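Peer 1: Predicted model, plus sequence, below.
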Amino acid sequence: MSDQGIKSRPKYAPLELDPAGRHHLLLVEGPALPAEALAEGFEPTAFETWTVVNRSALLPVSVVDTQGESVRPFRANGHLFSALEERLARETMGLRLYAIGSEPFLWDVFRIADKAGMSRQEIRLAHAGSKARRVFCVHCRTYGEGVTTSIFTCGGCGANLFVRDHFSRRHAAFMGVQVDAEVPGAVPDAEELYA
Amino acid sequence: MIASGPIPVRIHEIEQLSPTLKRFAFAPLHGGPLPTPSAGAHVLVTLRHEGRVMKNAYSLVSPPESRARYEIIVRHVAQSRGGSRFLHQSVARGDVIEIGVPGNLFPLAAKARKHLLIAGGIGITPLLSYVPALKARGARFELHQLCTADEAPVFEKLLAPHAAGEDIFIHGNGRAAFDLAGILARQPLGTHVYTCGPRALMDAVITSAVALGWPSGKIHRESFGDASGGLPFKAVLAKSGIEIQVADNQTLLEALEAQGIAAPCLCRGGACGECKLDVLDGEVEHRDDFLSAEEKASQKFMMPCVSRARTAQVVLDF
């Protein structure tokens, strides 16, 4: 059930610097850079980095690392996203955006960048960390976060949803469809697949 | 229904804009609306002159919603192959000519947050259809027209109907006083740049934009290639054994058509790639914007609408 034969899922590769860019911004969903998300020779200290630390403790506005480039920590994803919107609204052509994190994080970043007029050529995404999925209920349009199982119960309408491999870049989510639509109550056991 | 050509039209009006520029308005011969063009579209105009048939591409300068008449602006070029001279000297009001259905190899990018338009001289023509379309959409744009000092009033007049309250700039001293890199460097994220005009200007726009980190997908150039003629040569069609002489003022595509050979073509300006032929022998002088640098260097392909043989003969797998 884990390979559903859907070939349109996004594929990811370790991040490489795009030398054509004039300035670069790296976004990391986490407090530190996961080494496996970086291609050999990628030197993230060479440019501005934003991280998500998921802590409520008061943070300094920016932390200057040993290379002299700034690392700016954010309390949570939403905190980073709103700063990103403001930042992109002021940016000029020549920017390259890089993001490392879970799929919902990557595609939330992509959606913000797309809205700001950036194209695929200007954005590089690398998947790291949890494989947990954001699932969009196609019936009631409620999102479920952190789904790790093949079947889960929609928080909006209570439907038993089968988590398809069909990924929507626009919703930054996988599609969930009612699994017992034809025989109500005939719900297969949920398998733990996306830890 | 998908419209197909040719469309007979009557020359409805001819306006002399400057000593070398004329505006022609075409009205459909049989009434009814003309096909809807999109902003940036061009038409192929069939010109029959002294036994030769030429099909030259001209951008429509009329607004896209204009279906009762199309307008083009033509520069009389002394060293042209005869198309512009024919239009300037031999075509009169009331004449009937044929045009093709509009095509568009220079469309506006739907997702652009801003449109930066840079034209040189008569390269303004496709942008004249852009501007009303952009204004109708409420889209943000900035237009820079480069020209010689004596032609600045001509372009000012052409742009005047659209200019009020808009970022439209006319640079009458050409590129000397034009801060191309500065303009490209300050554009907001999500800007697309479009350029049309002399090759040197378009190359400068592309080179500067790339150097400033613009992705290729946001750089657009209009190109009608370089069909200015050259040395005569012979084309050998390997499949049929036919040998064709290409005259100095004729393109290979025109020579094929003159022999009654229906060669594939679309833009006739080296931009679309429709006419690509495989080369078996001979050296090609590439004049198109379609083939990559590697493809050109391989000498395996040729765009007969603009490119010529550098050797006395070229053998084609056709």
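Peer 2: Perfect, I can see it now.

Peer 1: CA atoms for contacts and neighbours, from now on please.
Peer 2: OK.

Peer 1: mind exporting stretch B:46-59 as PDB, just the C-alpha atoms?
Peer 2: Coordinates of each C-alpha in stretch B:46-59 appear next as PDB, following Å, rounded to 0.1, in the frame of the first residue of the first chain:
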ATOM      1  CA  THR B  46       2.400  37.500 -48.200                       C
ATOM      2  CA  LEU B  47       4.200  39.900 -50.600                       C
ATOM      3  CA  ARG B  48       4.200  39.100 -54.300                       C
ATOM      4  CA  HIS B  49       6.700  41.200 -56.100                       C
ATOM      5  CA  GLU B  50       8.600  40.800 -59.400                       C
ATOM      6  CA  GLY B  51       7.800  37.100 -59.500                       C
ATOM      7  CA  ARG B  52       8.900  36.400 -56.000                       C
ATOM      8  CA  VAL B  53       6.700  35.400 -53.100                       C
ATOM      9  CA  MET B  54       7.800  36.500 -49.600                       C
ATOM     10  CA  LYS B  55       6.100  36.000 -46.400                       C
ATOM     11  CA  ASN B  56       7.300  38.500 -43.800                       C
ATOM     12  CA  ALA B  57       6.300  38.500 -40.100                       C
ATOM     13  CA  TYR B  58       5.100  41.700 -38.600                       C
ATOM     14  CA  SER B  59       3.900  42.300 -35.100                       C
END
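
Peer 1: Please identify the pairing partners of the lengthiest strand in chain A and their relative orientation?
Peer 2: For chain A, the strand reaching the highest residue count under DSSP state E is reported as strand A:160-168. Here strand A:160-168 is paired, per DSSP bridges, with strand A:151-153 (antiparallel), strand A:173-178 (antiparallel).

Peer 1: Which pLDDT value belongs to residue 150?
Peer 2: All of this is about chain A. Looking at residue A:150, its pLDDT stands at 94.

Peer 1: Switch to chain B, please.
Peer 2: 94.

Peer 1: residues in contact with it?
Peer 2: For residue B:150, the contacting residues are residue B:172, by Cα atoms under 8 Å, 6 or more residues apart in numbering or on different chains.

Peer 1: what does the stretch 101-250 of chain B put close to chain A?
Peer 2: Within the stretch 101-250 of chain B, the residues that sit near chain A (Cα under 8 Å from any Cα of the partner chain) are B:111-113, B:184-191, B:210-215, B:217.

Peer 1: Could you pull up phi and psi at residue B:297?
Peer 2: Main-chain torsions, residue B:297, degrees, to the nearest 10: phi -70, psi -30.

Peer 1: which of the residues of the stretch 101-250 of chain B next to chain A count as buried?
Peer 2: Neighbour counting by 16 or more other Cα atoms under 10 Å in any protein chain shown classes B:112-113, B:184-185, B:187-191, B:210-215 among these as buried.

Peer 1: what element comes up after the helix or strand harbouring residue B:182 heading to the C-terminus?
Peer 2: Taking DSSP states H and E as the definition, residue B:182 sits inside helix B:180-185. Using DSSP H and E, the helix or strand that follows helix B:180-185 in sequence is strand B:191-196.

Peer 1: Return the list of helices and strands in contact with that next one.
Peer 2: strand B:114-120, helix B:199-211, strand B:219-221 (3 or more Cα pairs under 8 Å, 6 or more residues apart in numbering or on different chains; DSSP states H and E).

Peer 1: For the ones you listed, state which one has the densest average packing.
Peer 2: Neighbour counts (mean count of other Cα atoms under 10 Å in any protein chain shown) averaged over each of the helices and strands packed on strand B:191-196 peak at strand B:114-120, with a mean of 22.

Peer 1: quick one, that strand and helix B:199-211 angle?
Peer 2: Per axes from the mean of the first three to the mean of the last three Cα atoms, to 10 degrees, the angle that strand B:114-120 makes with helix B:199-211 is 150 degrees.

Peer 1: what are the ranges of the helices in the chain?
Peer 2: I'll assume chain A. A:77-90, A:103-115 (DSSP state H).

Peer 1: That was the other one, I meant chain B.
Peer 2: In chain B, the helices defined using DSSP H lie at B:83-89, B:125-137, B:152-163, B:180-185, B:199-211, B:252-258, B:293-298.

Peer 1: Which other helices and strands does the last one contact?
Peer 2: Helix B:293-298 sits against no helix or strand, with contacts defined as 3+ Cα pairs under 8 Å, 6+ apart.

Peer 1: Can you list the buried residues in that helix?
Peer 2: Across helix B:293-298, burial judged by 16+ other Cα under 10 Å covers residue B:296.

Peer 1: For that helix, the averaged confidence score.
Peer 2: Helix B:293-298 shows a mean pLDDT of 93.

Peer 1: so how far is that helix off the chain centroid?
Peer 2: Per Cα atoms, centre = their mean, to the nearest Å, the displacement of helix B:293-298 from the mean C-alpha position of its chain is 23 Å.

Peer 1: contacting residues around it?
Peer 2: B:286, B:301.

Peer 1: repeat for the fourth one
Peer 2: When contacts are defined by Cα under 8 Å, 6+ apart, helix B:180-185 is touched by residues A:92, A:93, B:205, B:208, B:209, B:212.

Peer 1: export the residues you listed to CSV and tack on pLDDT and distance to residue A:99?
Peer 2: Shown next, in CSV, are the contacts of helix B:180-185 (pLDDT from 0 to 100; distance: Cα to Cα, whole Å):
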residue, pLDDT, distance to residue A:99
A:92, 97, 19
A:93, 97, 18
B:205, 97, 30
B:208, 97, 27
B:209, 98, 24
B:212, 97, 22
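
Peer 1: In CSV: the helices and strands packed on strand B:191-196, plus distance to residue A:80.
Peer 2: Compiled in CSV, the helices and strands packed on strand B:191-196 are given as follows (distance: least, Cα to Cα, whole Å):
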stretch, distance to residue A:80
strand B:114-120, 26
helix B:199-211, 29
strand B:219-221, 30
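
Peer 1: for chain B, which spans come out with low pLDDT?
Peer 2: Within chain B, the segments meeting pLDDT under 70 span B:1-3, B:224-227.

Peer 1: per the record, what domains does it have?
Peer 2: What automatic domain parsing lists as the domains of chain B is B:7-99, B:114-221, B:233-316.
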